[in-house]
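Undergrad: The following comprises the amino acid sequence and a computationally predicted model.
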Amino acid sequence: MNWRALDRFPNVDEREWQARSGLRNRKVVGKKTVGVAIKGWNPLSPLLIGTPDSTQLLPPVLVASIQKKVFESVRGRSQFSLAIVLFFIVVCLVCAHMPARSNMLTAAHILIGIEAFLIAEYWLVFRRSDALIERSLYCFWVRETARIDFVLWASVMLVAGSFQLLAQWIHGGLQPVVDQYGIVFHALAAGEYWRLLSGPFLHNDFPHWAINCFLLIFVGLIAGRISRANAVGVFVIGSVVGALITWGYMPSPDDAYLGVSAGVMGILGFCGGAAWRGKDDYPKALGFTLITFGLLNVYLSWLYSPAAANEAHVAGLGLGIMWGLLFQQARIRQNFNEVSKNARGHCEHSDVPHRT
């Protein structure tokens with residue numbers, strides 16, 4: 001399906017100001033109510049707008065009568081967000097020089113990373129109406145067509161989390177479960193390589209599982225629209241490669257590797273690499289956004305938890321980027337061959353003289 005097509009948006013019989021959003025497609029009517037609804041709109045929002053002059057429900061940025069207002073609202077909120085983050089960076093840097101406030105310097109570094117990402121997004125997307133429209137159309141398309149991918153990745157994490165809870169209840173805690181099923185490096189050295197497939201699905205605690213679950217579902221939805229099979233492949237191989245890289249870095253054989261973070265970074269890199277190489281098939285700067293979002297996650301993980309397996313995150317992201325670049329190159333070559341074949345067929349059946 002062409003994500004740029006407008007014919008997939010729903011038609012309406014009532015020619016009136018209306019807004020619909022949410023899983024229940026809740027409808028509100030009236031110009032003032034619609035005006036309030038669009039104030040918080042962003043490209044990820046499911047909000048659709050109908051007007052007295054339209055027979056379709058469309059994202060607000062595509063409605064001609066309010067397009068300029070919506071764009072200025074999004075741009076203004078983006079500028080305000082940048083100013084707020086900058087303000088807190090200054091506050092953290094000032095507080096970092098006070099006694100017993102050394103953690104404020106880390107907070108400042110975290111905010112600086114976030115600010116850099118937001119500045120790039122503002123410059124490439126939120127200050128440009130054409131880029132904003134493309135992001136809106138692509139997000140809507142992904143949301144409407146990726147239900148299977150949502151079920152797939154949510155099920156993977158729910159099954160993994162449920163198994164870990166049950167196993168911890170049976171064995172009496174996390175450590176016995178890790179010893180039994182996890183990636184413990186002395187067990188790998190003994191030849192128990194099956195742990196490379198089971199171990200990443202164990203997590204240190206609920207926040208660790210929840211963060212990976214959210215990120216996996218988020219990137220899984222995008223990856224499923226590119227290639228579900230390749231997404232699964234890079235997830236599994238990225239998780240294995242991340243564990244092996246960490247094994248090489250860990251000096252103690254009693255250490256263990258937990259979490260699917262490397263696999264998640266692999267999928268993120270795959271999406272970014274494919275979008276970077278196939279720029280005509282994706283919204284403007286999507287590849288840059290996904291890759292820098294992955295780098296931001298690596299940077300924040302390193303700052304927040306220096307003991308985390310950040311080498312695995314880097315390895316997973318790098319593997320995914322290369323996979324995506326090669327995948328998109330193969331797709332471009334395939335499309336080129338199909339076009340060439342069709343062109344030759346047309347030439348062979350035409351009256352235009354040609355060489356054989």
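TA: Received it, and whenever you're ready, just let me know what you need.
Undergrad: Give me the mean pLDDT for the stretch of helix or strand Val90 belongs to.
TA: With the criterion set as DSSP states H and E, the secondary-structure element containing Val90 is helix 67-95. Confidence over helix 67-95, taken as the mean pLDDT, stands at 94.
Undergrad: Report pLDDT for the residue nearest the centre of the chain.
TA: Centroid-nearest residue in the chain, with C-alpha atoms, centre = their mean: Val219, separated by 3.5 Å. Note on Val219: pLDDT of 96.
Undergrad: Tyr181 too?
TA: Tyr181 is assigned a predicted lDDT (pLDDT) of 95.
Undergrad: how close does the residue nearest to the centre of the chain get to Ser227?
TA: 13 Å (C-beta to C-beta, to the nearest Å). Where C-beta positions appear, they are placed from N, C-alpha and C, glycine not excepted.
Undergrad: what are the ranges of the helices in the protein?
TA: In the chain, the segments counted as helices under DSSP state H are 31-37, 67-95, 103-121, 129-145, 147-171, 174-181, 185-189, 195-198, 206-249, 261-277, 286-304, 310-348.
Undergrad: burial measure for Leu62, as a count.
TA: Residues contacting Leu62 under the criterion other C-beta atoms under 10 Å number 19.
Undergrad: ok, now how distant is Val90 from Ala107?
TA: Relative to Ala107, Val90 is positioned 12 Å away (criterion: C-beta to C-beta).
Undergrad: So between the two, which is more surrounded?
TA: Each of Val90 and Ala107 has its neighbours counted (other C-beta under 10 Å); Ala107 has more, 19 against 11.
Undergrad: need the contact list for that one.
TA: Cys92 (C-beta atoms under 8 Å, 6 or more residues apart in numbering).
Undergrad: try it again with 10 Å
TA: Counting by C-beta atoms under 10 Å, 6 or more residues apart in numbering, Ala107 makes contact with 88-89, 91-93, 95-96, 101, 303-304.
Undergrad: Return the members of those classed as buried.
TA: Neighbour counting by 16 or more other C-beta atoms under 10 Å classes 89, 92-93, 96, 303 among those as buried.
Undergrad: tally of neighbours for the residue nearest to Phe163 when sequence neighbours are not counted?
TA: The shortest distance from Phe163 to any residue that is not its chain neighbour, by C-beta to C-beta, 6 or more residues apart in numbering, is 7.4 Å, and that residue is Phe201. Residues lying near Phe201 (other C-beta under 10 Å) number 22.
Undergrad: What of Gly161?
TA: Quick note: Gly161 (other C-beta under 10 Å) scores 18 neighbours.
Undergrad: cool, Trp323 as well?
TA: Neighbours of Trp323 under the rule other C-beta under 10 Å: 22.
Undergrad: repeat for Phe293
TA: Phe293, neighbours per other C-beta under 10 Å, totals 18.
Undergrad: OK, contacts around it?
TA: Phe293 sits in contact with 117, 120-121, 215, 218-219, 268, 271-272, where contact means C-beta under 10 Å, 6+ apart.
Undergrad: If we use 8 Å, what do you get?
TA: If you count contacts by C-beta under 8 Å, 6+ apart, Phe293 has them with 117, 268, 272.
Undergrad: Could you list the low-confidence segments of the protein?
TA: The chain contains residues with pLDDT under 70 at 1, 22-25, 100-102, 250-251, 306, 332-356.
Undergrad: what's the closest non-adjacent residue to Ala256?
TA: In space, Ala256 comes closest to Val184 once its chain neighbours are excluded; the distance is 4.7 Å by C-beta to C-beta, 6+ apart.
Undergrad: Surely that neighbour and Asp254 touch.
TA: Yes. In this structure, Val184 is within contact of Asp254 by C-beta atoms under 8 Å, at 7.2 Å.
Undergrad: Settle it for me: which of these two has more neighbours?
TA: The neighbour comparison of Val184 against Asp254 (other C-beta under 10 Å) goes to Val184, with 20 against 9.
Undergrad: what's the more buried one in contact with, if anything?
TA: Val184 sits in contact with 178, 195, 199, 254-256, where contact means C-beta under 8 Å, 6+ apart.
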